[in-house]
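>>> Okay, structure incoming, though there's no sequence with it:
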């Protein structure tokens with residue numbers, strides 16, 4: 001029986017309070033203020049902009065390296081340098097090729113990895129700050145509310161239903177049960193970040209796919225406090241090579257922060273061939289490299305997190321508009337995979353979406369015909385110029401590192417074209433090779449507890465918590481596949497690709513069975529992306545659950 005839900009009506013509903021969603025809300029509120037001050041009609045109110053955030057507070061789920069190109073923020077907040085929470089301007093950068101024992105510094109840092117003029121930031125802190133500006137502008141910001149499902153209407157959408165709260169793991173109401181809200185809006189903007197659950201559903205249902213499927217990388221990050229003098233604030237290093245082999249796409253980073261803190265991590269393309277490859281283990285081994293170990297030794301792990309990154313680029317962009325709806329930011333594949341930068345593009349996309357929505361509200365027309373102005377605005381902005389120049393970049397690496405570097409060089413001199421344009425690709429989960437079912441499973445990595453750690457220790461440092469007695473938010477369509485075909489064909493890769501020890505194969509009455517430790521989930525959505533059978537669907541848990549990426 002469908003519960004009776006309270007209906008709330010807004011002009012604009014923005015799902016996701018990351019850089020894109022908050023930029024959209026802030027810019028739209030200012031456009032409304034200017035419009036009203038001019039005496040124009042209809043009068044528009046920022047109070048009729050609703051922003052939904054599933055985290056327990058603004059910024060709780062925001063994770064990035066992060067080195068930020070300030071271009072987008074400077075357009076959104078022209079005096080940002082006065083108050084924005086910046087960790088450090090980049091003062092020095094370097095690129096290294098790692099072998100197991102050596103670090104070979106490149107004599108010249110490749111142009112995409114040059115970061116002078118950029119800033120090291122905590123995305124968590126930056127988003128908290130932007131959230132404060134949005135609230136001061138009079139916008140309604142709702143934390144601990146997740147969009148559970150879209151409300152479809154004709155060929156478009158008219159809002160979302162938020163998740164029911166107070167439901168037990170069997171789906172029955174508890175004493176504190178509260179049904180979700182029916183949130184209706186003239187325009188709904190999906191700014192959910194990578195692999196947004198609502199955006200995914202809308203793209204599939206309304207057939208909005210781009211030319212190429214979206215492909216992703218998994219970023220794993222730790223913050224460390226280290227002894228004084230190890231790394232200067234503003235130092236940026238990127239690495240290629242060990243512990244990844246040349247068939248894989250990925251690399252590492254180390255950034256110097258104030259107060260003897262460092263950010264380090266790895267990003268690994270989710271299109272590797274070995275279904276038993278373990279990204280978390282690879283990152284832990286990365287820290288044992290002499291170059292990294294020398295910096296971390298004697299230090300202390302402070303925070304941990306993991307998140308996926310959309311690599312597909314221009315040719316993986318879905319159609320970004322429907323009647324009553326827009327898709328922006330990472331959900332719309334708006335990230336430069338060559339520079340591994342997306343904050344500035346997400347902010348700019350939010351601003352362009354705000355301008356599109358503003359015109360729709362003035363005209364009283366939120367049809368796809370009106371909202372189609374959004375991709376045209378992207379085409380006419382610096383977003384198109386930046387992303388078009390790298391439109392085939394990631395696809396060039398689908399046959400390995402060396403072929404990818406060759407293709408990247410050709411693309412550099414041909415303005416992004418290369419030998420083939422467009423260069424086609426396929427989803428990462430199709431790249432797995434089947435295992436020899438008789439081969440023993442690899443021994444699981446445990447860590448030494450000082451420099452390297454197991455997954456559960458890292459999850460503890462992510463601040464993750466969920467209400468235990470709630471329906472599992474990791475929906476497996478057919479558990480029988482996990483216990484039969486997947487055992488023999490792929491060795492249950494969910495045990496390996498998940499960086500949070502969510503998936504575990506156990507024996508029950510002598511038979512394998514998948515155990516899901518949903519309370520460990522850090523919301524990276526790797527499982528939704530990398531499952532070879534595409535039977536795992538990530539849906540939002542009860543609002544407020546998940547990681548707390550304080551300072552990340």
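Everything's here; your move. Quick caveat, the model's predicted, so the values are computed rather than measured. Residues are numbered from 1 along each chain as shown.
>>> give me phi/psi at the residue most central in space within the chain?
The residue lying closest to the centre of the chain (C-alpha atoms, centre = their mean) is residue 194, at 3.9 Å. Reported as degrees, to the nearest 10, the phi and psi values for residue 194 are phi -60, psi 140.
>>> Next, the contact list for it, please.
216, 307, 308, 309, 310, 330, 331, 525 (C-beta atoms under 8 Å, 6 or more residues apart in numbering). In this view, the C-beta of every residue, glycine as well, is placed from N, C-alpha and C.
>>> any idea how far residue 112 is from it?
Residue 194 sits 20 Å away from residue 112, going by C-beta to C-beta, to the nearest Å.
>>> try residue 118
Using C-beta to C-beta, residue 118 is found at 12 Å from residue 112.
>>> again with residue 23
Per C-beta to C-beta, residue 23 is found 24 Å from residue 112.
>>> Have a look at these two and say which one is more surrounded.
Using other C-beta atoms under 10 Å as the criterion, residue 23 and residue 112 rank with residue 23 on top: 32 against 18.
>>> hmm, back to that, can you pull the pLDDT of the residue nearest to the centre of the chain?
Looking at residue 194, its pLDDT reads 96.
>>> Could you do residue 1 as well?
The model reports residue 1 with a pLDDT of 57.
>>> Spit out the contact partners of residue 167.
For residue 167, the contacting residues are 173, 174, 177, 470, 471, 542, by C-beta under 8 Å, 6+ apart.
>>> switch the cut-off to 7 Å
173, 174, 177, 470, 471 (C-beta atoms under 7 Å, 6 or more residues apart in numbering).
>>> unless I'm mixing things up, the fourth one is touching residue 540, no?
No: in this structure, residue 470 sits apart from residue 540 without contact. The criterion is C-beta atoms under 7 Å, and the distance is 11.0 Å.
>>> mean confidence score for the helix or strand encompassing residue 124?
Following DSSP states H and E, one finds residue 124 within helix 123-136. Averaged over helix 123-136, pLDDT sits at 98.
>>> which secondary structure elements does that helix contact?
Applying 3 or more C-beta pairs under 7 Å, 6 or more residues apart in numbering; DSSP states H and E, we find helix 123-136 packed against helix 19-37, strand 140-143.
>>> Which one, of the ones you listed, ends up nearest to residue 222?
Checking the helices and strands packed on helix 123-136 against residue 222 by C-beta to C-beta gives helix 19-37 as the closest, at 22.1 Å.
>>> Run the chain-centre distance for the closest one.
Centre-to-centre, helix 19-37 and its host chain are 24 Å apart (C-alpha atoms, centre = their mean, to the nearest Å).
>>> Ok, stretch 502-511 next?
The chain centre lies 30 Å from the centre of stretch 502-511; the measure is C-alpha atoms, centre = their mean.
>>> Residues contacting that stretch, please?
If you take C-beta under 7 Å, 6+ apart as the criterion, stretch 502-511 is touched by 474, 483, 492, 494-495, 512-518, 520-521, 527.
>>> Flag every buried residue along that stretch.
Residues of stretch 502-511 classed as buried: 502, 503, 505 (neighbour count, 16 or more other C-beta atoms under 10 Å).
>>> Quick one: end-to-end distance for it.
The stretch stretch 502-511 measures 20 Å between its terminal residues, going by C-alpha to C-alpha, to the nearest Å.
>>> and what of stretch 2-20?
End-to-end distance of stretch 2-20 (C-alpha to C-alpha): 33 Å.
>>> same question, stretch 171-187
For stretch 171-187, the separation between the terminal residues is 31 Å (C-alpha to C-alpha).
>>> Check stretch 241-253 too.
Start-to-end span of stretch 241-253 (C-alpha to C-alpha) is 12 Å.
>>> For it, buried residues please.
By neighbour count on 16+ other C-beta under 10 Å, the buried set for stretch 241-253 is 241, 242, 243, 244, 248, 249, 250, 251, 252, 253.
>>> pLDDT on stretch 140-151, on average?
Averaged across stretch 140-151, pLDDT comes to 97.
>>> Any buried residues in the worst-scoring helix or strand of the chain on mean pLDDT, and which?
Lowest on mean pLDDT, DSSP states H and E among the helices and strands of the chain sits helix 401-413, with a mean of 93. By neighbour count on 16+ other C-beta under 10 Å, the buried set for helix 401-413 is 401, 404, 407, 408, 411, 412.
>>> Equivalent analysis for stretch 445-453, please.
Residues of stretch 445-453 classed as buried by neighbour count (16+ other C-beta under 10 Å): 447, 451, 452, 453.
>>> Show me what it is in contact with.
With C-beta under 7 Å, 6+ apart as the test, stretch 445-453 has contacts from 278, 281, 284, 287, 288, 293, 296, 301, 454, 457.
>>> Read off the pLDDT value for the closest residue to residue 496 other than its chain neighbours.
Counting by C-beta to C-beta, 6 or more residues apart in numbering, residue 278 is the residue found nearest to residue 496 once chain neighbours are left out, at 4.5 Å. Looking at residue 278, its pLDDT stands at 98.
>>> ok, how many other residues are close to residue 278?
A count of nearby residues for residue 278, using other C-beta under 10 Å, gives 20.
>>> can you check residue 135 too?
Applying other C-beta under 10 Å, we find 15 residues neighbouring residue 135.
>>> And for it, nearest residue in space, chain neighbours not counted?
Residue 135 sits nearest to residue 141 (C-beta to C-beta, 6+ apart), 5.6 Å away.
>>> I'd assumed residue 133 was in contact with that neighbour.
No: using C-beta under 7 Å, residue 141 is not in contact with residue 133, being 10.8 Å away.
>>> Next up, the contacts around residue 517.
501, 502, 504.
>>> Just the ones of the residues you listed in strands?
In strands, judged by DSSP state E, the following of the contacts of residue 517 are found: residue 504.
>>> Which one of the contacts of residue 517 is nearest to residue 419?
residue 502 (40.7 Å).
>>> who's in contact with residue 326?
With contact set as C-beta under 7 Å, 6+ apart, residue 326 has these partners: 187, 189, 190, 320, 353, 356, 371, 374.
>>> Buried residues in stretch 485-496, which are they?
Those would be 486, 487, 489, 490, 491, 492, 493, 494, 495, 496, for stretch 485-496 by 16+ other C-beta under 10 Å.
>>> of all those, which comes closest to residue 16?
Closest approach between those and residue 16, by C-beta to C-beta: residue 494, at 25.5 Å.
>>> Please tell me I have it right and that closest one contacts residue 532.
No: using C-beta under 7 Å, residue 494 is not in contact with residue 532, being 9.3 Å away.
>>> and the residue nearest to residue 135, how many neighbours does it have?
Neighbour count of residue 141, defined by other C-beta under 10 Å: 20.
>>> What residues are bridge-paired with it?
Counting by DSSP bridges, residue 141 forms beta bridges with residue 51.
>>> Please tell me how far it sits from residue 364.
As judged by C-beta to C-beta, residue 141 and residue 364 stand 26 Å apart.
>>> again with residue 416
Distance from residue 416 to residue 364, counting by C-beta to C-beta: 40 Å.
>>> Tell me which of the two has more neighbours.
More crowded of residue 416 and residue 364, by other C-beta under 10 Å: residue 416, with 18 against 9.
>>> residue contacts, the more buried one?
Applying C-beta under 7 Å, 6+ apart, we find residue 416 in contact with 388, 389, 390, 391, 392.
>>> how about JSON lines for the residues you listed, with neighbour count and pLDDT added?
Shown next, in JSON lines, are the contacts of residue 416 (neighbours: other C-beta atoms under 10 Å; pLDDT from 0 to 100):
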{"residue": "388", "neighbour count": "14", "pLDDT": "98"}
{"residue": "389", "neighbour count": "18", "pLDDT": "97"}
{"residue": "390", "neighbour count": "21", "pLDDT": "97"}
{"residue": "391", "neighbour count": "26", "pLDDT": "97"}
{"residue": "392", "neighbour count": "26", "pLDDT": "97"}
